[in-house]
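[1] Mind looking at a prediction? Sequence and model below.
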Amino acid sequence: MEALVHFTHEIGEMHFPILMFMFKAFLVVFILVSIVLFIYDKYIQRENQLLINYPLIGRMRYVFYALRDPMRQYFGDEKFYESFDKVKWVYDSAERKSAYASFSPGQPLRSAIISIKNANCVLNTEDVSDDFSVTFGENSSNPFNTKSIFGRSAMSDGAISPEGTRAFTKGAYLGKFPINTGEGSLTSNFFYTHKYTRECKFFQTHEGTIFAKSVYKIIKFLINDAVAQKVYKQMVVYDDAPDTYLFDIEELLFYRVNWDASIDVFPSQVPDDMPDIIFQMGSGLYGVRDKKGNFCPERYQKTMRFCKMTEIKMAQGAKQTGGKLLASKVSEAIAYYRGVAPYQNLFSPNQFPFAHTLEELFDFMGRLKKLSDKPVGVKIVISSVEAFDEYANLIKKRQEIGSDAYPDFITIDGGEGGSGAAPLEMMMTVGMTITKALYIADSALTRVGARDKVKLIASEKVLTPDDAIVLFGIGADYVAIARAFMMSAGCIRARECSGAHGRACPVGLATQDKKKRASFLVEKKAINIASYHTQMLAGIRGLLAVMGLDTLSKLKKENLVFKDKTGKTYMNVERYFKESLVN
């Protein structure tokens, strides 16, 4: 106690000469810099009139402007997500905290909303089936039977950091849900959970000498494993793009898939220690093209030895152009994966090379089915009833002639979908919202008698179970989630994903900046990602119980209700959709 009193007295009397010197030095430097800036802003520079009139003070504007997005989650209005309560639910669920709310929501929900009808006699949650499997491509030689109705939507390794992709891969494996590669190809990081064995002949390896291994062990003992791995890699791996190698801590060697190896050495079945992976093929054909940029059937077959089905990306809600990766994110590793030059802007073509017509696109799907013996589908954005009718009618025509050259599933991205980099003018003006787009697809496929052969995947602004239950009621068989999974992995919504303006994702999740990535906690975030998925399924079971439904398959449009902004309530949502979709 006496020591505390003495310390407090010392502070009061300023008996800390070193601290006082540092404080005075800082004060002098601050004053000198302020004087220089004042003179420069007021009398020299003639590019900014605000700084001429308000030198120094005007510069505070740019400080606050730079902090606006990173600090938005603390002080901003969360109208885009309806309520901050939804955002908080995602974070709490990921961190295994109580997701219950008290008293009332922090912000009122929107007045126009599609909600559920509760039953007169509800069920207990344990009465609801926990079977949430979905089967894609029932007629395929290798149908894909998922273990969940939720999956991580397409996010490319490149847009996401290597550590982020590893966390998502491990989270998907732990949570038993599918993960979509995004158009950036199947990279080494999707093999994060796959145990290396010397019997795997499709791996390219680098192993150090006894001396190099000894150096690794000594540094690991004295410092930590991360530093030891870094030094060991510099001693062992001399190839281009060393970051494309994974490290086996038991064998003390680095390994990555050797795509030049004979297809005979690749596994005939997807290894059990990998998550269910959906391979997305974009217009750049990354990961399935030859050195000239053309589609390579054999490379595609090798890739599909590790994936459960293929999704052709025709469009995305946030951008109707090809995928965009700014030069700062095209590292040597990303360039290696995609077969391009590093540190140059990478913009995929707008048009998919095998989709000049729908007939050509469907024929290409048939070709991919024969090459992989696995389901193939397409990702689109719906802009009108007539536009999707072309899909539905062609699917019916192909079925009538006994052809399987049509999509086993259609992923529908709503017009409010997100993106790491997209033209602002396309983010909110192209495509329909997911509820109306999903209704159009479900109705059209039902009308032509093809609904039972084509699964529908819904993808848009889904955060919580109530967001998803509505989509299942309208007709979705499966829901792909991006932004909420990002948040469960630590995203703070700073909106620096693109890497533009010289700023990078502050948590190391959506950046290739090595300093930011170094702090990303892969194993911890993998558990959080799996926890969020678990809570989503638990929430769905709870909602089904309130609706008196013991299985998700019994959920129909009849279980939904719509209330518009005037208070008018549509007990039949079919009528609401028909009235809202007028010519």
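    Nice, thanks for sending it over.
[2] quick one: low-confidence parts of this protein?
    Judged by pLDDT under 70, the chain has its weakly predicted residues at 1-16, 65-82, 102-111, 317-323, 415, 417-429, 499, 501.
[3] make it 50
    Applying pLDDT under 50 to the chain flags no residue at all.
[4] Go through it and flag its longest helix.
    helix 522-546 (DSSP state H).
[5] by contact count, what packs against that one?
    helix 84-94, strand 150-152, helix 162-175, helix 465-474, helix 483-488 (3 or more Cβ pairs under 8 Å, 6 or more residues apart in numbering; DSSP states H and E). Placement of C-beta: from N, CA and C, glycine included.
[6] Buried residues, the host helix or strand of residue 386. List them.
    Per DSSP states H and E: residue 386 is located in helix 385-400. Buried residues in helix 385-400, counted by 16 or more other Cβ atoms under 10 Å: 385, 388, 391, 392, 394, 395, 396, 398, 399.
[7] Need the residues you listed in TSV (columns: distance to residue 447).
    Below are these laid out as TSV (distance: Cβ to Cβ, whole Å):
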residue	distance to residue 447
385	11
388	11
391	12
392	7
394	14
395	11
396	9
398	16
399	14
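[8] Kindly check the end-to-end length of stretch 540-557 for me.
    16 Å (Cα to Cα, to the nearest Å).
[9] what's it in contact with?
    Stretch 540-557 is contacted from outside by 116-125, 127-132, 149, 465-466, 468-469, 472-475, 559, 573-574, using Cβ atoms under 8 Å, 6 or more residues apart in numbering.
[10] Can you say which of the residues you listed are buried?
    Those of these that meet the buried threshold are 116, 123, 128, 132, 149, 465-466, 468-469, 472-475, 559, 573, by 16+ other Cβ under 10 Å.
[11] Quick one: neighbours of residue 38, just the number.
    Neighbourhood size, residue 38 [other Cβ atoms under 10 Å]: 14.
[12] Name the nearest residue to it, ignoring sequence neighbours.
    Excluding its sequence neighbours, the residue lying closest to residue 38 (Cβ to Cβ, 6 or more residues apart in numbering) is residue 55, at 4.7 Å.
[13] Was I right to think that neighbour contacts residue 44?
    No - assessed by Cβ atoms under 8 Å, residue 55 is found out of contact with residue 44, at 10.4 Å.
[14] More neighbours: those two, which one.
    Under the criterion of other Cβ under 10 Å, the comparison of residue 55 against residue 44 puts residue 55 first, with 18 against 8.
[15] wait, what's in contact with residue 267?
    By Cβ under 8 Å, 6+ apart, the contact list for residue 267 reads 202, 305, 306.
[16] now residue 512
    Contacts of residue 512 by Cβ under 8 Å, 6+ apart are 158, 161, 328, 329, 330, 331, 334, 499.
[17] CSV for those, including neighbour count and secondary structure?
    Listed next are these as CSV, based on neighbours: other Cβ atoms under 10 Å; DSSP: H, G, I helix; E, B strand; the rest coil:
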residue, neighbour count, secondary structure
158, 28, coil
161, 27, coil
328, 17, helix
329, 28, helix
330, 21, coil
331, 21, coil
334, 27, helix
499, 22, coil
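[18] Adding distance to residue 269, write those out as a markdown table.
    As requested, those are exported to a markdown table (distance: Cβ to Cβ, whole Å):
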| residue | distance to residue 269 |
| --- | --- |
| 158 | 28 |
| 161 | 30 |
| 328 | 39 |
| 329 | 34 |
| 330 | 34 |
| 331 | 32 |
| 334 | 29 |
| 499 | 38 |
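[19] Contact partners for residue 442?
    Taking Cβ under 8 Å, 6+ apart, we find residue 442 in contact with 451, 456, 474, 475.
[20] Surely the second one touches residue 477?
    Yes - contact status for residue 456 versus residue 477: in contact at 5.4 Å, counting by Cβ under 8 Å.
[21] Which residues are in contact with each of those two?
    Joint contacts of residue 456 and residue 477 (Cβ under 8 Å, 6+ apart) are residue 409.
[22] What is the burial count for residue 408?
    Residue 408: 25 surrounding residues under other Cβ under 10 Å.
[23] Report how many residues lie close to the closest residue to residue 191 other than its chain neighbours.
    The shortest distance from residue 191 to any non-neighbouring residue, by Cβ to Cβ, 6+ apart, is to residue 246 (6.3 Å). By other Cβ under 10 Å, the residues close to residue 246 number 19.
[24] where's residue 246 relative to residue 386, distance?
    Distance of residue 246 to residue 386, given as Cβ to Cβ, to the nearest Å: 48 Å.
[25] swap in residue 482?
    Distance from residue 482 to residue 386, by Cβ to Cβ: 28 Å.
[26] Next: residue 159.
    According to Cβ to Cβ, residue 159 stands 33 Å off from residue 386.
[27] same check, this time on residue 435
    From residue 435 to residue 386 the distance is 19 Å (Cβ to Cβ).
[28] and what of residue 281?
    Computed as Cβ to Cβ, the residue 281 to residue 386 distance reads 27 Å.
[29] Over to residue 530?
    42 Å.
[30] now residue 297
    Distance from residue 297 to residue 386, counting by Cβ to Cβ: 34 Å.
[31] which residue sits closest to residue 252 in space, ignoring its chain neighbours?
    Nearest to residue 252 is residue 213, by Cβ to Cβ, 6+ apart, at 5.2 Å.
[32] that's a strand at residue 247, yeah?
    Yes - assigned with DSSP: H, G, I helix; E, B strand; the rest coil, residue 247 falls within a strand.
[33] So what's the residue count around it?
    18.
[34] Can you name the residues bridging to it?
    Assessed by DSSP bridges, residue 247 has beta-bridge partners residue 254.
[35] Now do the contacts for it.
    With Cβ under 8 Å, 6+ apart, residue 247 has these contacts: 229, 233, 253, 254.
[36] ok, of those residues, which one's closest to residue 563?
    Closest approach between the contacts of residue 247 and residue 563, by Cβ to Cβ: residue 229, at 56.2 Å.
[37] Many thanks, I have nothing further to ask.
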